[in-house]
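**Student:** sequence unknown, structure follows:
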């Protein structure tokens, strides 16, 4: 009888390289015994926990945001230089040896592996559908960032390189086909931390919206194109179809208080979130506390690492009264003197006392910054996820992937790109419905340029900006502290360690 060798450290290293594991199984067992003894539910939980690679300030999040016009990591004297690891992401000068590119690659493949592993151990139809959703979710990000999908068939020989190798066009078709095949087996409801049918509809809308981008690939090199892209009416109508499914479920509404979507109790507070990575306050948490630590000054309350900033061009997109720009939740009172949103100017303690920097001067955040020579005050800071003042380092903020506002703006974009309007919705109406909720004035007109600006206002620091900029054709342009870059940087390189162990892999062009 065929034996399965369950030394997971070896398995994962053969598949993707070193990754963190929740547990190790070191026994050699008969395959039939393994199938009987393995807890499929626990394997599915482990697959969900693989989503936590997105929660941290480095790895895939750094690739999504530092490369865009929304985020930068200034060097502050001896602080935050880190051999230029943040700077080269912003300036599009990274190489194949970049640590966070390697860890993002390995983390995404680990997620694909964990999801596939569930399928080997007699899952129920619902468990299998959830696992395949997660596999499609990680695969979408693999196609988006690295231009390929790697995977195995359940039960495949783990001593051999993965048998599934899909290029960009094949990869996006795989994501779409997987989701369409399993969507009816997913739970119709169950909370935002579960892969539901609405989560699948949202990911399908993302896939069809970006399909033209992924199809615009050099068939010989798998190289990406900067566009302009040909968005087919058929694809845009599929975007609208899936957005309508979510909106028509009547399970979600735009939040009156924008930052409730990201609060320490956002699972309970938000009626807008569709799919999140679950964190349990005080115990079973990921690294979501990095969302405020990575940007706050050492003397803020709570304190931080005095790191990342947003660009003034993004800050200047907002009207003064826009809730997304600045809002103070009730629970901030007595805990901090700051607001949620963007932090600029003099900073205050919880009792209203003006805070000082480390030299005893006023702690005043300025819009200007330099990637190479900033002081501790330079740069506008961002509080997208309000701090958990109860358990600061083990917060309850669930990390948000999909929200109703994204569904609405994807539908608006699909109509602008040639899809058929449905249910009386118009691009300007959908945009203004969101703006009214955010206490922003209604727009008179909307086009693709202003829609991209609205996506910046709505989704800043949520991990979608690189994807948006590539689709809208602005990713390679010059912006604050970044020169014009070349098509090489539309994809990240395959890590050298992966190339050396898998003969099926070909390096992306330019690296």
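**Tutor:** Sure thing, it's come through. The structure presented is a predicted model; accordingly, all values stated were derived computationally and were not measured.
**Student:** Check which helices and strands the longest helix along the chain sits against.
**Tutor:** Criterion DSSP state H: the longest helix present in the chain is helix 125-146. Applying 3 or more C-beta pairs under 8 Å, 6 or more residues apart in numbering; DSSP states H and E, one finds that helix 125-146 makes contact with helix 40-49, helix 59-65, helix 99-118, strand 149-151, helix 168-182, helix 197-215. The way it works is simple: take the backbone N, C-alpha and C, and place the C-beta from them, glycine included.
**Student:** repeat that for 7 Å
**Tutor:** On a contact count with 3 or more C-beta pairs under 7 Å, 6 or more residues apart in numbering; DSSP states H and E, helix 125-146 meets helix 40-49, helix 99-118, strand 149-151, helix 168-182, helix 197-215.
**Student:** Any chance of these in CSV with mean neighbour count, mean pLDDT and distance to residue 230 as columns?
**Tutor:** Shown next, in CSV, are these (neighbours: other C-beta atoms under 10 Å; pLDDT from 0 to 100; distance: least, C-beta to C-beta, whole Å):
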stretch, mean neighbour count, mean pLDDT, distance to residue 230
helix 40-49, 18, 97, 35
helix 99-118, 24, 97, 28
strand 149-151, 25, 92, 23
helix 168-182, 20, 98, 13
helix 197-215, 24, 98, 6
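**Student:** Now distance to residue 188 too, for the ones you listed, in a markdown table please.
**Tutor:** Formatted as a markdown table, the helices and strands packed on helix 125-146 follow (distance: least, C-beta to C-beta, whole Å):
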| stretch | distance to residue 188 |
| --- | --- |
| helix 40-49 | 18 |
| helix 99-118 | 20 |
| strand 149-151 | 27 |
| helix 168-182 | 13 |
| helix 197-215 | 5 |
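**Student:** Nearest approach to residue 493 belongs to which of these?
**Tutor:** helix 99-118 (6.5 Å; C-beta to C-beta).
**Student:** hey, where'd the strands end up in the stretch 351-500 of the chain?
**Tutor:** Using DSSP state E, counting those that start in this stretch, the strands of the stretch 351-500 of the chain run over 364-365, 381-383, 399-403.
**Student:** Those into a markdown table, with extra columns for distance to residue 199, mean neighbour count and mean pLDDT?
**Tutor:** Rendered in a markdown table, the data for the strands of the stretch 351-500 of the chain read as follows (distance: least, C-beta to C-beta, whole Å; neighbours: other C-beta atoms under 10 Å; pLDDT from 0 to 100):
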| stretch | distance to residue 199 | mean neighbour count | mean pLDDT |
| --- | --- | --- | --- |
| strand 364-365 | 37 | 18 | 98 |
| strand 381-383 | 26 | 24 | 98 |
| strand 399-403 | 6 | 24 | 98 |
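**Student:** Minimum distance to residue 507: which of those strands has it?
**Tutor:** So among these, strand 399-403 is nearest, using C-beta to C-beta, at 29.3 Å.
**Student:** neighbours of the nearest residue to residue 312 once chain neighbours are set aside, just the number please.
**Tutor:** The shortest distance from residue 312 to any non-neighbouring residue, by C-beta to C-beta, 6 or more residues apart in numbering, is to residue 367 (4.0 Å). Residue 367 has 18 neighbours, counted by other C-beta atoms under 10 Å.
**Student:** Please apply the same query to the one 4 residues further on.
**Tutor:** By the other C-beta under 10 Å criterion, the neighbourhood of residue 371 contains 19 residues.
**Student:** Leaving out the residues flanking it, which one is nearest to residue 435?
**Tutor:** Nearest to residue 435 is residue 442, by C-beta to C-beta, 6+ apart, at 6.1 Å.
**Student:** follow-up on the earlier one: and the strands of the stretch 351-500 of the chain: which comes nearest residue 275?
**Tutor:** With C-beta to C-beta as the yardstick, what comes closest out of the strands of the stretch 351-500 of the chain is strand 399-403 (4.2 Å).
**Student:** how close does the residue nearest to residue 312 sit to residue 311?
**Tutor:** 9 Å (C-beta to C-beta, to the nearest Å).
**Student:** ok, back up a step: my read: the residue nearest to residue 312 touches residue 380, true?
**Tutor:** Yes: at 5.6 Å, residue 367 counts as touching residue 380 under the criterion of C-beta atoms under 7 Å.
**Student:** Please enumerate the shared neighbours of the two.
**Tutor:** Contact with both residue 367 and residue 380 is made by residues 312, 315, 344, according to C-beta atoms under 7 Å, 6 or more residues apart in numbering.
**Student:** now those residues as CSV including secondary structure?
**Tutor:** Formatted as CSV, the shared contacts of residue 367 and residue 380 follow (DSSP: H, G, I helix; E, B strand; the rest coil):
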residue, secondary structure
312, helix
315, helix
344, coil
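**Student:** which of those residues has the most neighbours?
**Tutor:** residue 344 (19 neighbours).
**Student:** Residue 367 is in contact with that one, correct?
**Tutor:** Yes: assessed by C-beta under 7 Å, residue 344 is found in contact with residue 367 at 6.3 Å.
**Student:** got the contact list for residue 120?
**Tutor:** 154-155.
**Student:** That one and residue 155, how far apart?
**Tutor:** Distance, residue 120 to residue 155, using C-beta to C-beta: 5 Å.
**Student:** cool, residue 430 as well?
**Tutor:** 46 Å.
**Student:** Give me the spatial nearest neighbour of residue 283, chain neighbours excluded.
**Tutor:** residue 394 (6.6 Å).
**Student:** number of nearby residues for that neighbour?
**Tutor:** 17.
**Student:** OK, contacts around it?
**Tutor:** Residue 394 neighbours (C-beta under 7 Å, 6+ apart): 281-283, 285.
**Student:** Equivalent analysis for residue 436, please.
**Tutor:** When contacts are counted by C-beta under 7 Å, 6+ apart, residue 436 touches residue 442.
**Student:** Please apply the same query to the one 10 residues further on.
**Tutor:** The contact partners of residue 446, taken as C-beta under 7 Å, 6+ apart, are 427-428, 431.
**Student:** In helices, which of those residues appear?
**Tutor:** 427-428, 431.
**Student:** Distance to residue 91, pLDDT and neighbour count added to those, as TSV?
**Tutor:** Putting those into TSV (distance: C-beta to C-beta, whole Å; pLDDT from 0 to 100; neighbours: other C-beta atoms under 10 Å) gives the following:
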residue	distance to residue 91	pLDDT	neighbour count
427	34	98	24
428	36	98	19
431	32	98	24
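**Student:** right, and out of the residues you listed, which lies closest to residue 294?
**Tutor:** residue 431 (30.0 Å).
**Student:** Model confidence for residue 16, exactly?
**Tutor:** With respect to pLDDT, residue 16 has a value of 39.
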